[in-house]
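K.L.:
Quick check, what structure comes out for this input:
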Amino acid sequence: MQKTRIHPLGDTALLAELGSRLDTALNTRAIGLAAALRKRRDVRQAIAGYSSVTVHFDPDHATQESLGAAIKRLAAKRPKMEIPGRLHRIPVVYDGPDLEEVSTALGLDLEAIVAAHTRPIYRVFLVGFVPGWAYLGPLPDELELPRRHVPRTQVPAGSVAIAGLQTGIYPLPVPGGWHLIGRTSVKVFLPSSDPPCLFRAGDRVKFFSARPAL
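P.N.:
Purely as a prediction, here's the structure:
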């Protein structure tokens, strides 16, 4: 197991690195560590990333050295996630504008792309970029592609996309450089709800193929 590395982020924040891989086990550890740190009176906020935790602390109650040592001790105990992530089943119409390019680049036909994309239960590694955007993975190796050379100036909300070893759903009409392979009617950003994001770090997502609405 890789040792936890602590890096300063300004005067009142630290970055705790648990590893460097895109890995569900590391992400589970990061989410568990963030939850445990949020219970401490000297911690103002703890935010889990892929395999790290950003910790904002109260300088009246802790120093970088004291909190860094406490984080290492806590990480060594491997605190668990308090609540298993929710499972979301997301229907997808696989008719994205990049399907032909993806098929050519990967050497896979449409049926193989759909079968590979719907096979895993994905982890929500973190939520960011724009409100409601969730980074999901890992994507099957056979679907791995770098981002588009030329990003789009606007991607329609609900677009299902892939890039690298991740997949995601565009929650809003925004610029984007991922490959668009489908679309879903599920709203992942709900501004009138609390919380406004459908997905949370640690949740699980299962895509399934759906027919277009008539």
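K.L.:
what comes into contact with the helix or strand bottoming out on mean pLDDT in the chain?
P.N.:
The weakest-scoring helix or strand in the chain, judged by mean pLDDT, DSSP states H and E, is helix 24-37 (a mean of 91). With C-beta atoms under 8 Å, 6 or more residues apart in numbering as the test, helix 24-37 has contacts from 16, 18-19, 43, 46-53, 55, 71, 74-75, 78-82, 123, 125, 138, 201-202. Heads up, the C-betas are built off the backbone N, CA and C, glycines and all.
K.L.:
ok, residue 7 - contacts?
P.N.:
Applying C-beta under 8 Å, 6+ apart, we find residue 7 in contact with 14-15, 17.
K.L.:
mind checking how far it is from residue 203?
P.N.:
Distance of residue 7 to residue 203, given as C-beta to C-beta, to the nearest Å: 28 Å.
K.L.:
Provide the partner residues of the spatially closest residue to residue 95 that is not a sequence neighbour in its beta bridges.
P.N.:
Leaving aside its sequence neighbours, residue 95 sits nearest to residue 182 (C-beta to C-beta, 6 or more residues apart in numbering; 6.4 Å). Here residue 182 sits in beta bridges with residue 160, going by DSSP bridges.
K.L.:
mind checking pLDDT for residue 182?
P.N.:
Looking at residue 182, its pLDDT stands at 98.
K.L.:
just checking, it touches residue 94?
P.N.:
Yes - contact status for residue 182 versus residue 94: in contact at 4.3 Å, counting by C-beta atoms under 8 Å.
K.L.:
Of those two, which one has the most company?
P.N.:
residue 182 (26 against 19; other C-beta atoms under 10 Å).
K.L.:
Which parts of the protein are strands?
P.N.:
Here the chain has its strands, by DSSP state E, at 5-8, 13-17, 43-48, 52-57, 87-92, 122-127, 134-137, 152-155, 159-163, 166-169, 174-176, 179-183, 204-209.
K.L.:
Give me the angle between the second one and strand 43-48.
P.N.:
It stands for strand 13-17. 30 degrees (axes from the mean of the first three to the mean of the last three C-alpha atoms, to 10 degrees).
K.L.:
And the pLDDT at the residue sitting furthest away from the middle of the chain?
P.N.:
Checked against the mean C-alpha position of the chain, the extreme residue using C-alpha atoms, centre = their mean is residue 60, at a distance of 32.9 Å. As summarised for this prediction, residue 60 has a pLDDT of 94.
K.L.:
For it, grab phi and psi.
P.N.:
Backbone dihedrals for residue 60, given as degrees, to the nearest 10, come out at phi -80, psi -10.
K.L.:
Domain-wise, how is this protein divided?
P.N.:
Split into domains by automatic domain parsing, the chain comes to 5-76, 87-209.
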